[in-house]
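J.: show me the folded form of this:
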Amino acid sequence: QVQLVESGGGLVQAGGSLRLSCVASGRTFSDISMAWFRQAPGKEREFVAVISWSGGLTYYADSVAGRFIISRDNAKNMANLQMNSLKPEDTAVYYCAAALVLSLGYYRNTDRYDYWGQGTQVTVSS
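T.: You can find the predicted model right below:
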């Protein structure tokens, strides 16, 4: 079992920045892939970014590429999402997710992830 707890959400003006963190517990962190998804009201949960167990591979949704940066610190069992140049359309609940086995090409699929956090609200005002 893996428990995931997100933090760092809040209210920010357009153009501002926020940093989300996800702390994992319950098993070895360094051999699982970590991702961030988001869900806006009335919309399906969508992929934001993913990072491999080593941190050597990262992928981003087109909508956030160049603005968001995903990272991890295996010593602290933590994954982070640095969000810059925020836009009102980034407003959503952001979820941290963990996958024990993640095949290349399937990282956008929510059903490929084994564990989820409770979510943290990010609101970007115009």
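
J.: give me the residue at the spatial middle of this protein.
T.: The C-alpha lying nearest the average C-alpha coordinate of the chain belongs to W36 (CA atoms, centre = their mean; 1.9 Å).

J.: pLDDT score assigned to it?
T.: pLDDT, W36: 98.

J.: now do the helices in this structure.
T.: Assigned by DSSP state H, the chain shows no helices.

J.: what residue ranges in it score low on pLDDT?
T.: Within the chain, not a single segment meets pLDDT under 70.

J.: at 90 what do you get?
T.: 1, 26-31, 53-56, 101-105 (pLDDT under 90).

J.: would you confirm that the residue nearest to the centre of the chain contacts V93?
T.: No. With contact defined as CB atoms under 8 Å, W36 does not reach V93; the gap is 11.1 Å. For glycine as for every other residue, the C-beta is placed from the backbone atoms N, C-alpha and C.

J.: hmm, back to that, distance check, the residue nearest to the centre of the chain against S71.
T.: Separation of W36 from S71 (CB to CB, to the nearest Å) stands at 11 Å.

J.: do Y94 as well
T.: Where S71 is concerned, Y94 sits at a distance of 15 Å (CB to CB).

J.: who has more neighbours out of these two?
T.: With neighbours defined as other CB atoms under 10 Å, Y94 and S71 compare such that Y94 has more, 23 against 15.

J.: quick one on the thing from earlier: overlap in contacts of W36 and S71?
T.: Common contacts of W36 and S71 (CB atoms under 8 Å, 6 or more residues apart in numbering): A79.

J.: the residue nearest to the centre of the chain bridge partners, please.
T.: Assessed by DSSP bridges, W36 has beta-bridge partners A49, C96.

J.: swap in D73?
T.: Going by DSSP bridges, D73 forms beta bridges with M78.

J.: can you count the residues close to the residue lying closest to R112 once chain neighbours are set aside?
T.: Spatially, and ignoring its direct neighbours in sequence, R112 is nearest to Y106 (4.8 Å; CB to CB, 6 or more residues apart in numbering). Using other CB under 10 Å, Y106 has 12 neighbouring residues.

J.: perfect, I'm done here.
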